[in-house]
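Participant: test case, fold it:
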Amino acid sequence: MTTAVIEITRARNPFPQSGVARDSRGTPRYSDVPATLLDALRAYAEGRPDAEAVVEIGRNRLTYSQLWKAACRVAGGLRAAGVRRGDRVALRYPSGMNWVLGYWGTLLAGGVAVVVNTRSVPAEVEFVLCDAGVKVDLAADTPLPDGDSYVSEGIVATDVAALFYTSETTGDLKGVPTTHEALVTNAENMIRGFGLPREVNSDLRMLISVPLFDVAACNSQLLVASYVGGTAVILPVLDLAALVNAVVAERISFVVTAPAVYSLLLSHPSFADADMTSVRMVGYGGSPIAPSLVRELLAAFPRATLTNGYSLTEAASLITVLPDRDALAHADSVGYAVPSVDIGIVPLGDIPNVGELVVRGANVTEGYWYRPRATAETIVGGWLRTGDIARIDDAGRVYLVGRNDSIINRGGAKISSAEPQYAAICTEPLPHAASRVGANCVEMCGGVHRCGSGPHFRSGEIARRQTEGTEAPMPDYPAVDRIRVDSDSGLR
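Facilitator: Reported below is the predicted structural model:
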C-alpha cells in the first residue's frame, strides 16, 4: 500500500460514538463495555436465570442458568482433557446446542475456539487442525466433554477467544485470531448499528439459519443475543418451510439471512399465510440486493426495519451498516462505518472516493495466525486492507464495486466484476438456473476476460424478474453488453 489513506469523515454518519475513545495508536475503542462476553453471560445466568437463552429447533432449549451450568461442565471436561489457557479446541459440531456449549465451554476453560467450516473438504479440515495446533478436536461424532464445573478466572479483553479461518482477503487459508475485546466490540456495534434493544429484554428472539461456523452467525447473532440477554433460536439446517414455522412458533423478532434466501422465502407456498407480525428487524448481507426485493421485504414484514450489513472475518464481523432509512433509496450501498470502526480509501487512480477499502478498530485483528508475511501485506500503518474496491458517496456511505483481484480489462478500461453482476441483478432476465454467477463467467464484447473468482451473487431475484418481466433503472455501468454463463462457470 504505497498510496496514502484517505480517511472517510463521519460528519453525516448516523451512528453515535458515545463511549468511544482512541488509544495511543489512534485506534477507536469502547471504554464502557464488559471486558469479555463471559461477563455478560454470567450476569444473565445470575440475574435472569430463567430467561430463555438458546433454542435448537426440533430439539432442546436452555435458560441462561442452564446454559451457564452446562457450559461450565464442558469447561471442566476440557480441563480434564488437558486444555489450559490459550490451548486451541476445534469445533466441528453441526449448528445446534452442542456447538453452542462447546464454544462457551472452550472460552470458560480459558481456551481458544477454533471454528471449523464443516463444509470444507477433508484436506482443508486437516490443515486447519494442524495449523491451529489443536489440543482437543470436538468432531461431529464426539460426545461433549463433561466434568466438574470450571471457570477460568482472570481472562482479559486482549486474550484470544477464537480462531476463524478465511481465504477471502489474501487468497490462502489462514487463521484470524479474534480477541474477547473484538467480540464485545462487534456486539456493541451490532446494538448501535441495527438498533437492537439496549435494555435487558427477553423479547429479542434472533433466528440463526446460517451455519454457526460463519463469522456473522456466530459473532453477530449468537453472541449478540447473549450480550443483550435475548434468545438465540437455531435452525440447524436451512429449510424454507421450517424457517417459516420457526418464525411463527418462536415469535422471532430478528431475522437475518442472505438476499437469495429472502427471495426464495417470499415465494414459498407456506409464507403467504404466515403471521410475520412478530418480526421487528430484518437484516441481510453477503451479496447485492435488488431494490425490488427491498420493496417486497418492506411489504412482507410491515412492522420491521430493514438493515444491510457488511462483514469481514478479520473484523470479527461487522464493518458497515445501511440503516432502514436508506434501505430502498440506497439499496446498492452497504452503509456507514459502525461507531468504533474507521474506514478509509486507498485510491486506485485520480478519483479520491474510489479505491481499496481499509479499516481499523478494536474489532479488527492485529495479524494472522503465524503468517507474518500475510500480516505485513494486509495490515499497513494500522489499517487492514480488505481487498474490496469501494466507492464512498458524500454522506460516507460505502458501495462495494468489486475485489482488488477481480478487475476486468475491457479494451483498456478497468471494470469491476461487481458492475456486470449488479447490472444482471437489476435488469437481466436470466433463467432460473443461473443461481450463481462469478467474475469468471462474465462475457464482454470482445471476448471473455477471466479475472479470478471475484464476489458472487445469488440470483433468486433474477429468477423473480424472469417470471415478472419487470425492469429497473440501471446505473451507468461501463460497456457491459451482455452476460453469459459458461459451462465451466461453477453454476449451481
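Participant: quick one: low-confidence parts of this structure?
Facilitator: 1-3, 168-171, 199-202, 405-492 (pLDDT under 70).
Participant: check it for its longest helix and report it.
Facilitator: Among the segments of the chain that qualify as a helix by DSSP state H, the longest is helix 64-80.
Participant: which positions in the longest strand along the chain come out as buried?
Facilitator: When the chain is parsed with DSSP state E, its longest strand is strand 383-392. Buried positions in strand 383-392, judged by neighbour count with 16 or more other CB atoms under 10 Å: Trp383, Leu384, Arg385, Thr386, Gly387, Asp388, Ile389, Ala390, Arg391, Ile392. From N, CA and C alone the C-beta is placed, and that goes for glycine too.
Participant: for stretch 31-44, same thing?
Facilitator: Result for stretch 31-44 [16+ other CB under 10 Å]: buried residues Val33, Pro34, Thr36, Leu37, Leu38, Ala40, Leu41, Arg42, Tyr44.
Participant: ok, now which ones touch the first one?
Facilitator: The reference is to Val33. Val33 makes contact with Gly19, Val184, Thr185, Glu188, according to CB atoms under 8 Å, 6 or more residues apart in numbering.
Participant: can you check the third one too?
Facilitator: Contacts of Thr36 were listed using CB under 8 Å, 6+ apart, and they are Leu107, Ile155, Val156, Ala157, Asp159, Ala161, His180, Leu183, Val184.
Participant: from those, which is closest to Gly86?
Facilitator: Asp159 (7.7 Å; CB to CB).
Participant: tell me which residues touch Arg59, please.
Facilitator: Gly96, Met97.
Participant: returning to that earlier point: looking at the buried residues of stretch 31-44, which is nearest Val215?
Facilitator: Distances from Val215 to these, taken by CB to CB, are shortest for Leu37, at 14.8 Å.
Participant: thinking the closest one is in contact with Thr179, fair?
Facilitator: No. Using CB atoms under 8 Å, Leu37 is not in contact with Thr179, being 11.1 Å away.
Participant: wasn't Ala21 part of a strand?
Facilitator: Yes. Under DSSP: H, G, I helix; E, B strand; the rest coil, Ala21 falls within a strand.
Participant: tell me, how many residues neighbour it?
Facilitator: 12 (other CB atoms under 10 Å).
Participant: I'd say Phe254 and Arg280 touch.
Facilitator: Yes. Between Phe254 and Arg280 there is a contact under CB under 8 Å: 7.0 Å.
Participant: more neighbours: which of these two?
Facilitator: Phe254 (27 against 19).
Participant: if I look at the more buried one, how far off is Gly285?
Facilitator: Using CB to CB, to the nearest Å, we find Phe254 at a distance of 14 Å from Gly285.
Participant: and what of Val247?
Facilitator: 19 Å.
Participant: and what of Ser267?
Facilitator: Taken as CB to CB, the span from Ser267 to Gly285 is 21 Å.
Participant: and the two? Which one has more around it.
Facilitator: Neighbour count, other CB under 10 Å: between Ser267 and Gly285, Gly285 has more, with 23 against 15.
Participant: does the residue minimising distance to the centre of the chain count as helix, strand or coil?
Facilitator: The centroid of the chain falls nearest to Ala216 when counting by CA atoms, centre = their mean (2.9 Å). In three-state terms, and counting by three-state DSSP, Ala216 is helix.
Participant: same check, this time on Leu243
Facilitator: Going by three-state DSSP: Leu243 is helix.
Participant: how many residues are close by it?
Facilitator: 24.
Participant: pretty sure it contacts Val210?
Facilitator: No. Assessed by CB under 8 Å, Leu243 is found out of contact with Val210, at 11.2 Å.
Participant: send me stretch 329-343 as CSV with only the CA atoms.
Facilitator: Provided in CSV are the C-alpha atoms of stretch 329-343 (Å, rounded to 0.1, in the frame of the first residue of the first chain):
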residue,chain,number,x,y,z
ALA,A,329,-33.1,4.7,-1.8
HIS,A,330,-29.5,3.3,-1.4
ALA,A,331,-30.1,-0.4,-1.8
ASP,A,332,-26.8,-0.9,-3.6
SER,A,333,-24.9,0.5,-0.6
VAL,A,334,-23.6,-1.4,2.5
GLY,A,335,-23.9,1.7,4.6
TYR,A,336,-21.9,3.7,7.0
ALA,A,337,-19.0,2.7,9.3
VAL,A,338,-20.2,1.4,12.6
PRO,A,339,-19.3,3.5,15.7
SER,A,340,-16.0,2.1,16.6
VAL,A,341,-14.6,1.5,13.1
ASP,A,342,-12.7,3.9,11.0
ILE,A,343,-12.8,3.4,7.2
